[in-house]
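Student: after the sequence you'll find the predicted model.
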Amino acid sequence: MQGRLERLRKALAEQGLDALITENMENRFYISGFTGSTGWAIITKDEAVFVTDFRYIDQATAEAPAFQVVNNERKAIEAIGQQLQKLGVKRLAVEKNLITLGTFEAWREAFSSVELVPTSGMIENLRIYKDASELEIIKQAVKIADDAFAHVLNVIRPGVREIDVALELEFFMRKQGATGVGFETIVASGVRGALPHGRASEKVIQAGEMVTLDFGAAYKGYNSDITRTVSVGEPSDKMREIYDIVLRAQLNCVNHIKPGMTGKEGDALTRDIIAAAGYGAAYGHSTGHGLGVEVHEQPNLSAVSETVLQPGMLVTVEPGIYISDLGGVRIEDDVLITENGCEILTQSTKELLILPV
């Protein structure tokens, strides 16, 4: 955690800022280790203070040892103001995209001797690069999802509802140590496979349908994200063709993505193949996104991203094709950018699995 604080302090100094305050749950966790729901982390060039209430004093003391924990005995805004004055803060970075206008105005009024400087991405830009401790946790989150996929293959059959498949996935991940799911589980069968975000419904899976499963484990503050599409019995020739195209596009990306590429170039590794096969209009989302404390964070693999990929960045690679009234296919891995290329963290097979009926 100390290394993260030092990198943030360097960024503050470069912008002539005395301190940063964050109440955002993800940024607060990343910079302090605190997992509770209420608290304000204040970081200066020399000090780190965590303001919270009675409920979380012991928890914050245990989880955020690099911070001095302060009990806001009455109003939090008063306790924060007192700490800013004590720390001698004159220019305070506030996360303009992560606080409400009401909060900004209340702080501006309460901290009258402090200049509030709206900033964006100061902690998020640190989160782009995963350190060894983060990768250890993320790899375990990925393994939990891989194991859940192998388990749920025994559940997917004709006559089973999508929602029951989702519940089995989530229950299994919990049993394996997940603290929850990274996002609402997607189980989309048959024509519902044309919905990229087809949340599990009460639809009953039928023989001959493909089923897209998109899910992830939340584990120790981090997330995994996997998508696989399987066939319940023999698929139609059209759906098999679509699967083969998506798989070819996905493999082209994970086999060739490397540091020095832009997100736009990474996106083209999947998009060009799908477009050349005549399905460009059926692939309307980005190739992938960053993954870590949040399921969707920087960097993006998209047709407009100029971000240069660097070792330590973690992205998803998830091309898909979606045809209304027919169905869809998506295949997704979690991928770590390395010095020479990438490391594919997701280990579940990507060959078309045809489940018994």
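Tutor: Cool, got the structure.

Student: ok, the residue nearest to residue 2 when sequence neighbours are not counted - contacts?
Tutor: Beyond its immediate neighbours in the sequence, the residue positioned closest to residue 2 (CB to CB, 6 or more residues apart in numbering) is residue 66, lying 5.9 Å away. No exception for glycine: its C-beta is placed from N, CA and C like everyone else's. With CB atoms under 8 Å, 6 or more residues apart in numbering as the criterion, the residues that contact residue 66 are 1-2, 5, 32-33, 48.

Student: cutoff 6 Å now
Tutor: Contacts here follow CB atoms under 6 Å, 6 or more residues apart in numbering; on that basis residue 66 touches 1-2, 48.

Student: list just the nearest of those residues to residue 100.
Tutor: Within the contacts of residue 66, distances to residue 100 taken as CB to CB reach their minimum at residue 48, with 24.5 Å.

Student: domain assignment for this protein?
Tutor: 2-127, 132-355 (automatic domain parsing).

Student: dump those domains to CSV, plus mean pLDDT.
Tutor: CSV is the format used below for the domains of the chain (pLDDT from 0 to 100):
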stretch, mean pLDDT
domain 2-127, 96
domain 132-355, 98
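
Student: quick one on the thing from earlier: where's the residue nearest to residue 2 relative to residue 34, distance?
Tutor: Between residue 66 and residue 34 the distance is 11 Å, computed by CB to CB, to the nearest Å.

Student: buried ones in stretch 331-347?
Tutor: For stretch 331-347, burial by neighbour count (16 or more other CB atoms under 10 Å) applies to 331-337, 341-342, 345-346.

Student: between these, which is nearest residue 276?
Tutor: For residue 276, the nearest member of those is residue 331. The distance, counting by CB to CB, is 17.6 Å.

Student: for the residue lying closest to the closest one once chain neighbours are set aside, which three-state class applies?
Tutor: Of all residues beyond its chain neighbours, the one nearest residue 331 is residue 250 (4.6 Å), with distances taken as CB to CB, 6+ apart. State at residue 250, reduced to three classes by DSSP: H, G, I helix; E, B strand; the rest coil: helix.

Student: so how far is residue 52 from residue 250?
Tutor: Residue 250 sits 44 Å away from residue 52, taking CB to CB as the criterion.

Student: from the buried residues of stretch 331-347, pick the one nearest residue 239.
Tutor: Comparing these against residue 239 with CB to CB places residue 331 closest, at 13.5 Å.

Student: contacts only, for the closest one.
Tutor: Residues 246-247, 250, 350 are the ones in contact with residue 331 under the rule CB under 6 Å, 6+ apart.

Student: kindly report the same for residue 287.
Tutor: Applying CB under 6 Å, 6+ apart as the definition, the contact partners of residue 287 turn out to be 267, 270, 301, 319.
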